[in-house]
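S.K.: Take a look and give me a structure for this.
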Amino acid sequence: MRKAINLKKAIIYAVLSILTFLCLFFFYCLIINATRSHPEIAKGFSFVPGKSFGSNLYHVLHNKNLPVLHGIINSLFIAGVSAALSVYVSALTAYAIHAYDFKFRNAVYLFIILIMMIPTQVTTLGFLRLIGKMGLMDSFIPLILPSMAAPVVFYFMVSYFESNLPLEIVESARIDGSNEFFTFNYIVIPIVKPALAVQGIFAFVASWNNYFVPSLVLKTNEKKTLPILIAQLRSADFLKFDMGQVYMLITIAIVPVAIIYLCLSKLIIGGVTAGSVKG
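M.R.: As a prediction, the model looks like this:
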């Protein structure tokens, strides 16, 4: 019996080790190539870091055709504000669906869920015409405000509320004289922090990596986001573009996402730990 259990553990650990290696290996390849020059990369992959990290970083940050620093700031601003609005407004909407019993409640819920089925590409043409008539082309506003309507985040939060937010807590707060916004901001949000952290990570990464819509909306170089600049650097003249700079720029683009994940993952672990202690 013990041998069978030990064998199962060994198989599980082996599979997890392989998956961990596969996940980290590509990041390792990226970082290694960011330290190598274009001729070295052209020769093939090497496990040994190169000596061109400093020069690649310098050339990327001082590229006259690509305002990388502006791109980093733009991406951080758009992704950060979009993630915050997406998580807060979606959680507030989910709270209304969960805590209130009103007419057409199920119809509203179903309508929001159905929006999940509509691909972004289907509505892009109409969206571009609308913001063009409103004079919002080449602006951050069309990239931030629509993020408040996030059906996927809404659906996740509704499911989380149903399993982790007893209505008795909300009713007790109402009896004590708490208004709805105070109840949501100071009672509900602390309870659902793990869910907010998870959705915050997903929303930030989705906005940070978004290339399709920003590439259609943003025209000025100083307003472009990092994914657009990476695409521009990669699509340069085949005889002139530098793969070392491309890998360096991709590495720079990954760093903020990793930092956000590490910061919010503490909230996830803390929430799970707190939820496991009862009484």
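S.K.: Check which residues of stretch 223-235 are buried.
M.R.: In terms of neighbour count (16 or more other C-beta atoms under 10 Å), stretch 223-235 has its buried residues at 223-230, 232-233. The C-beta positions use only the backbone N, C-alpha and C, and glycine is treated the same way.
S.K.: and if you look at stretch 70-79?
M.R.: 70-72, 74-76, 78-79.
S.K.: Residues contacting that stretch, please?
M.R.: For stretch 70-79, contacts defined as C-beta atoms under 8 Å, 6 or more residues apart in numbering pick out 140, 143-144, 204, 207-208, 214, 221-229, 252-253, 256.
S.K.: again with stretch 100-118
M.R.: The contact list for stretch 100-118 (C-beta under 8 Å, 6+ apart) reads 93, 97, 149, 151-152, 154-155, 158.
S.K.: And that stretch, end to end?
M.R.: Stretch 100-118 has its terminal residues 27 Å apart, counting by C-alpha to C-alpha, to the nearest Å.
S.K.: and that stretch, what's its mean pLDDT?
M.R.: Average pLDDT, stretch 100-118: 86.
S.K.: what distance separates that stretch from the middle of the whole chain?
M.R.: In terms of C-alpha atoms, centre = their mean, to the nearest Å, the centre of stretch 100-118 is found 25 Å from the chain centre.
S.K.: which SSE is N56 in?
M.R.: Counting by DSSP states H and E, the element that carries N56 is helix 53-61.
S.K.: Run through the neighbouring helices and strands of that helix.
M.R.: Applying 3 or more C-beta pairs under 8 Å, 6 or more residues apart in numbering; DSSP states H and E, one finds that helix 53-61 contacts helix 68-99, helix 243-275.
S.K.: out of these, nearest to R129?
M.R.: Taking C-beta to C-beta, helix 68-99 is the member of the helices and strands packed on helix 53-61 nearest to R129, at 21.6 Å.
S.K.: Just the angle for the lowest-mean-pLDDT helix or strand in the chain relative to helix 68-99, thanks.
M.R.: Ranking every helix and strand in the chain by mean pLDDT, DSSP states H and E puts helix 243-275 at the bottom, with a mean of 75. For helix 243-275 against helix 68-99, the angle by axes from the mean of the first three to the mean of the last three C-alpha atoms, to 10 degrees is 30 degrees.
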